[in-house]
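K.L.:
Sequence first, then the predicted structure:
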Amino acid sequence: MVTLATILVFIFLNGVIFTIDIMMFHYSFFEELGKLYYFNPLFGRIMLYFMIFLGFGSAIAIDIRIKKNKNKKQAT
């Protein structure tokens, strides 16, 4: 469930960034997509992978913590 929330937050924030940039700079959606992710392809790719790794890592840690808390409650 936490992993799904991480994905939804990532999609929502990308949507907000796209909307703000399209309205401020009057780009089309595809121009904005190109400028946001392909301005410097290596940096964009590194940033994207780092954020995905960070999000999934935190989601996995939170899921493990929730599972441990459930097991503690069932044991007592």
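P.N.:
Received the coordinates, thanks. Residues are numbered from 1 along each chain as shown.
K.L.:
Now do Met27 against Leu8, distance only.
P.N.:
Actually, residue 27 is Tyr rather than Met. The spacing between Tyr27 and Leu8, counted by Cβ to Cβ, to the nearest Å, is 25 Å. Where you see a C-beta, it was placed from the backbone N, CA and C, and this is true even at glycine.
K.L.:
cool, and Glu32?
P.N.:
Noted for Glu32: a distance of 21 Å to Leu8, by Cβ to Cβ.
K.L.:
out of the two, which sits in the more crowded spot?
P.N.:
More neighbours surround Glu32 than the other of Glu32 and Leu8, with 18 against 10 (other Cβ atoms under 10 Å).
K.L.:
got the contact list for that one?
P.N.:
Counting by Cβ atoms under 8 Å, 6 or more residues apart in numbering, Glu32 makes contact with Phe18, Asp21, Ile22, Phe25.
K.L.:
secondary structure class for the second one?
P.N.:
Judged by DSSP: H, G, I helix; E, B strand; the rest coil, the three-state class of Asp21 is helix.
K.L.:
Could you shift the numbering so residue one becomes 31, and keep it that way?
P.N.:
Sure, I'll start numbering at 31, so the last one becomes Asp51.
K.L.:
per-residue confidence at the spatially closest residue to it that is not a sequence neighbour?
P.N.:
In this structure, Asp51 finds its nearest non-sequential neighbour in Glu62, 5.2 Å apart by Cβ to Cβ, 6 or more residues apart in numbering. We have a pLDDT of 80 for Glu62.
K.L.:
now swap in Lys98 and tell me
P.N.:
Per-residue pLDDT puts Lys98 at 90.
K.L.:
Tell me how far the longest helix anywhere in the chain lies from the chain's centre.
P.N.:
Longest helix in the chain by number of residues, with DSSP state H as the criterion: helix 71-105. Distance, stretch centre to chain centre, for helix 71-105: 11 Å (Cα atoms, centre = their mean, to the nearest Å).
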